[in-house]
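Undergrad: no sequence for this one, just the structure:
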């Protein structure tokens with residue numbers, strides 16, 4: 001099925017807004033079509049299914065997280081600096097594409113089993129980037145001896161929570177929020193002197 005890119009993007013944008021507001025299960029194809037001023041069944045001329053739209057949204061967000069954070073995880077800089085830049089990049093995605101990030105973070109479990117498994121593997125690999133940098137810091141004795149897996153999960157849970165409460169017109173900028181999270185986690189990780 002070939003779809004005009006602008007129309008497909010419109011469908012995904014509207015669906016992302018609705019999925020974030022109502023949840024994937026609480027949003028019907030008819031809701032998406034109505035928001036676009038289309039007849040209920042007309043949406044299927046542009047997309048195969050509601051799940052295909054969700055899949056496109058979560059893959060777009062996953063690709064964005066990986067594109068920004070992935071190269072930072074392997075940069076030739078000390079672990080604390082790598083972790084700080086990774087936190088900043090992750091928060092930049094969460095706040096820069098907040099709607100899609102929220103859908104990615106909260107609605108992916110409603111995908112079909114095969115897609116859910118594929119996305120779970122991608123999420124685990126992404127979390128692995130953080131685990132590796134934390135382990136590198138432990139090996140270099142700049143981070144305390146902690147469970148890298150648990151620490152990475154706690155860090156990402158905190159950063160991902162930003163998608164639910166961040167407001168561009170709030171009292172802190174996205175960069176300030178990122179820096180405060182980085183300061184908090186790096187201070188907690190640093191080796192006592």
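TA: Perfect, thanks for sending it. Given the structure is predicted, the values throughout are model-derived calculations rather than measurements.

Undergrad: nearest the middle, which residue of this structure would you pick?
TA: Taking Cα atoms, centre = their mean, the centroid of the chain lies closest to residue 101, which sits 4.4 Å from it.

Undergrad: who touches that one in this structure?
TA: Contacts here follow Cβ atoms under 8 Å, 6 or more residues apart in numbering; on that basis residue 101 touches 61, 93-94, 160, 163. Using the backbone N, CA and C atoms, a C-beta is placed for each residue, glycine as well.

Undergrad: check which helix or strand it maps to.
TA: For residue 101, the element it lies in under DSSP states H and E is helix 98-107.

Undergrad: roughly how far is that helix from the heart of the chain?
TA: Centroid displacement of helix 98-107 relative to its chain, using Cα atoms, centre = their mean, to the nearest Å, is 6 Å.

Undergrad: low pLDDT regions in the chain?
TA: Counting by pLDDT under 70, the chain contains low-confidence residues at 1-5, 40, 193.

Undergrad: which helix is the longest one in it?
TA: Longest helix in the chain by number of residues (criterion: DSSP state H): helix 113-139.

Undergrad: which is the succeeding secondary structure element to that helix?
TA: Using DSSP H and E, the first helix or strand after helix 113-139 is helix 148-165.

Undergrad: chain center to that next one, what's the gap?
TA: Between the centre of helix 148-165 and the centre of its chain there are 11 Å (Cα atoms, centre = their mean).

Undergrad: would you mind listing the buried residues in the very next helix or strand once past that helix?
TA: The helix or strand immediately downstream of helix 148-165 is helix 174-189, counting by DSSP H and E. For helix 174-189, the neighbour count (16 or more other Cβ atoms under 10 Å) marks 174, 177-179, 181-182, 185-186, 189 as buried.

Undergrad: contacts made by helix 174-189 with the rest, please.
TA: Outside helix 174-189, the residues that reach it (Cβ under 8 Å, 6+ apart) are 80, 83-84, 87-88, 90-92, 95-96, 134, 137, 143-144, 146, 151, 155, 158-159, 162, 166, 168, 172.
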